[in-house]
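*Asks:* model this:
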Amino acid sequence: MYKQFLSLKNKPVTWTKFNRKGYAIFMSLGKEIKIGVLAASTLMFANPEAISAQTTKTDDKKVDKVMNLEDVEVTATRVTLKMNQTARIVNVITKEQITESPAQTVNDLLKYEAGVDVRQRGPFGIQTDISINGGTHDQIVILINGVYFSSPHTGHLAADFPITIDDIDHIEILEGAASRVYGTSAFSGAINIVTKAKRENSINLTLQGGSYGTLGADASVSLNTNKVSNSVSASFNRSDGGTQNSDFEKYTAFYQGNTNGNKLADFKWQLGMSRMNYGANTFYSGKYPDQHESDRKYSAAIQAETKGTVKIMPTIYFSRSLDHYQLIKGTNTGENFHLTDVYGASVNTQFKWNNMVTSAGADFRNEGILSTALGKPLSEELYVKVRHHKGLTYNKKDNRTNICYFLEHDIILDKWTMSAGVMANMNTGLDYRYRLYPGFDISYRPNAFWKIYAAWNTAQRMPTFTDLYYKSPTQEGNQGLKPEKTQEFNVGADFNNGTFRFAARGFYRKQKNMIDWILYPADSINNYTTYHAANFKINNMGVEVNSAVNLKKLANGKGPLEKLTVNYAYIYQDRKDDIEIYASSYALDYLRHKFNATLSMNLVSKLKAQISYRWQKRMGSYIKYITEEGSNNMTAQNCRYKPYGLIDMRLKWDENKYTIFLDANNITSYTYYDIGNVKQPGLWIMGGIKLNMGI
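*Replies:* From the prediction side, this is the model:
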């Protein structure tokens, strides 16, 4: 669409409705503008028909023009750009995909993305590790509405989201090093969950139940005035679990609000809470199958955006995580407690002039932990009581401050987008020296159908507190760990003519000081029980192909078939050191192959169906512990991961005020492992009803 803004001078240009204010609005000065409403989602692969021929009238003559309607904005640089303008690998899970998918949580939605690896120890987002393009779960930044949500304690707890799946408008997945956009920790990518900013006045209720004693209820209320929009949601889910020691209870609550029509600035704010208790089957070691976790997380943020040629966008945020871990459930064996606080403030300033935008900003973030296991020992007079656990105290502590300064310049022309920027970063956990992390992106749009792009970016990631300090009978942290560093190259091409969509991307990530928990061959004398946190050197490279076809348009609206999407990702690792490693917990257990296919259908009347197939092959191995018959002795066996394929399905009947759905996951009840020793459930069936009651 943006192409038309410059090429159709003095002719009417049709805009569609976007979720946030458009950066390109200043480019429309002096032109006749028509405002239209786009009824269907136009993001990425979700709805290929969104690129279509638009008809406008000029001098009473109809002129057909093919216009690119990928105008929903994403944050792939310091400037928010439309999808077709970006020069980075950005995938978006749309509102349409979310409602049609047989997914119960954010984590389930991410499973169908080619470049994303989701490793679960339990259903409903319990104990989930999320990574991008062969990285680890600690190497991505997770955000809610652009607000930092990741934990410096450990990436294992990063997916404790306070939101329900019905709160989400769309999810942005930025693949590749992104430090100059999201700061440190965005080593291999970032995931930004964007919630529904404004809803109609309504009360919504979801009730569901299914296999293994699973029950759930979600409720939300939206109230709007001329000046303020508010919405609040809450949920409860519980299950006996589909495998040994995978039972759980999960509570969430989320409130958000935003101002409407303020002449000087827009404001928005959010509060979140999540609480989970669950059987942590073999969480840190397959040798102990009866582990248990209790996690709570509280978060708050307020954001603003001024109006005018110069925009100032400040954000203030805070989050607190409390974690209670037991190596053996119901005992104090290997028990520890952690309290992690993260607070920060950032500001991004943008100045628009001609076809360019210059951005400058700063980000301050403090990360601190009180713990019974992680950190530096405290003197006894500084011990802090563990609330609700009489006689227990936090006797260890660590704290670090991260400061970043950003500068970026973007040029947006008729057929070109160019973005160059740099981040200067200092972290007190390393030293007080500033280091520079630059990046450059470029895209070329030869016509309304094609986009070709390339990017080079750099990143750094500090070790988590778990990487540095954790010590147990099966784990040994390393206070001498160095920060991970990378530089990454990306190239790609996208094509979309309204019926067919195709995108091919490639990346090469040159890395050093990679952090992983590994077993050395010498650990065999202890029956392979101790994993060590260590640095090593390894490079990742891979390709990703995404395609979609609008079957309904191809068949001129006839037949039940609506849409087919197919994607595939291949990753290869090249180790550059001679360290002998017997087994890896994360970095070397990457997905070599991942294939997804999804078919959407309208069966009869208002009955819709979606069938998804996912096949993947994981590299690496895990240590399987076998108890000898008639004794308590255990023997260890090194096992390779086996490839597997799964079929999921959703049936949905839509009415104006309610929706009835039936989900079936792992229809063939295939036995598989995402993480060593954690057998995943077989066939899991869920059914429910969603009610939409107006106010």
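
*Asks:* May I have the secondary structure class of Gln97?
*Replies:* Classification of Gln97 by DSSP: H, G, I helix; E, B strand; the rest coil places it in helix.

*Asks:* ok, now how distant is the spatially most central residue of the chain from Tyr570?
*Replies:* Nearest to the mean C-alpha position of the chain, by CA atoms, centre = their mean, lies Ile191 at 3.2 Å. Using CB to CB, to the nearest Å, Ile191 is found at 21 Å from Tyr570. Placement of C-beta: from N, CA and C, glycine included.

*Asks:* Would you map the helices across the protein?
*Replies:* Taking DSSP state H as the criterion, the chain contains helices spanning 2-7, 95-100, 106-110, 179-182, 465-469, 551-554.

*Asks:* Walk me through the domains of the chain.
*Replies:* Residue ranges for the domains of the chain, per automatic domain parsing: 2-67, 73-694.

*Asks:* Looking at these, which one is packed in the most?
*Replies:* Between those, domain 73-694 has the highest mean count of neighbours, a mean of 19, where neighbours are mean count of other CB atoms under 10 Å.

*Asks:* That one: end-to-end distance?
*Replies:* Using CA to CA, to the nearest Å, the end-to-end distance of domain 73-694 comes out at 29 Å.

*Asks:* And the average pLDDT for it is what?
*Replies:* For domain 73-694, the per-residue pLDDT values average out at 90.

*Asks:* in the stretch 51-200 of the chain, which spans are strands?
*Replies:* 52-58, 61-67, 73-74, 81-82, 89-93, 116-120, 128-132, 140-144, 147-148, 168-175, 189-195 (DSSP state E, counting those that start in this stretch).

*Asks:* is it possible to export those to JSON lines including distance to Lys537?
*Replies:* Putting the strands of the stretch 51-200 of the chain into JSON lines (distance: least, CB to CB, whole Å) gives the following:
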{"stretch": "strand 52-58", "distance to Lys537": "49"}
{"stretch": "strand 61-67", "distance to Lys537": "47"}
{"stretch": "strand 73-74", "distance to Lys537": "32"}
{"stretch": "strand 81-82", "distance to Lys537": "34"}
{"stretch": "strand 89-93", "distance to Lys537": "24"}
{"stretch": "strand 116-120", "distance to Lys537": "21"}
{"stretch": "strand 128-132", "distance to Lys537": "19"}
{"stretch": "strand 140-144", "distance to Lys537": "20"}
{"stretch": "strand 147-148", "distance to Lys537": "28"}
{"stretch": "strand 168-175", "distance to Lys537": "22"}
{"stretch": "strand 189-195", "distance to Lys537": "20"}
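
*Asks:* so which of the ones you listed gets nearest Pro473?
*Replies:* strand 128-132 (21.7 Å; CB to CB).

*Asks:* same for that closest one, what does it pack against?
*Replies:* The contact analysis (3 or more CB pairs under 8 Å, 6 or more residues apart in numbering; DSSP states H and E) places strand 128-132 against helix 106-110, strand 116-120, strand 140-144, strand 189-195.

*Asks:* let's go with 7 Å and repeat that
*Replies:* helix 106-110, strand 116-120, strand 140-144 (3 or more CB pairs under 7 Å, 6 or more residues apart in numbering; DSSP states H and E).

*Asks:* Please name whichever of those is nearest to Gln350.
*Replies:* strand 140-144 (18.6 Å).

*Asks:* Can you give the strand pairings for the closest one, parallel or anti for each?
*Replies:* Paired strands of strand 140-144, with direction, are strand 147-148 (antiparallel), strand 189-195 (parallel) (DSSP bridges).

*Asks:* Distance-wise, check Gln124 relative to Thr358.
*Replies:* Just so we're on the same page, residue 124 is Phe rather than Gln. Phe124 is 44 Å from Thr358, by CB to CB.

*Asks:* Any idea which of the strands of the stretch 51-200 of the chain gets closest to Glu408?
*Replies:* strand 81-82 (11.7 Å).

*Asks:* so what secondary structure elements neighbour the closest one?
*Replies:* Packing partners of strand 81-82 (3+ CB pairs under 7 Å, 6+ apart): strand 73-74.

*Asks:* gap between the strand it packs on and the chain center?
*Replies:* The chain centroid and the centroid of strand 73-74 are separated by 15 Å under CA atoms, centre = their mean, to the nearest Å.

*Asks:* Point out the other helices and strands that that strand packs with.
*Replies:* Partner elements for strand 73-74 (3+ CB pairs under 7 Å, 6+ apart): strand 81-82.

*Asks:* From the chain's centroid, how far away is the strand it packs on?
*Replies:* That offset, for strand 81-82, works out to 19 Å (CA atoms, centre = their mean).

*Asks:* quick one, what contacts Tyr394?
*Replies:* Neighbouring residues of Tyr394 by CB atoms under 7 Å, 6 or more residues apart in numbering: 337, 339, 370-372, 383-384, 386.

*Asks:* cutoff 8 Å now
*Replies:* Tyr394 makes contacts with 337, 339, 370-372, 378, 383-386, as judged by CB atoms under 8 Å, 6 or more residues apart in numbering.
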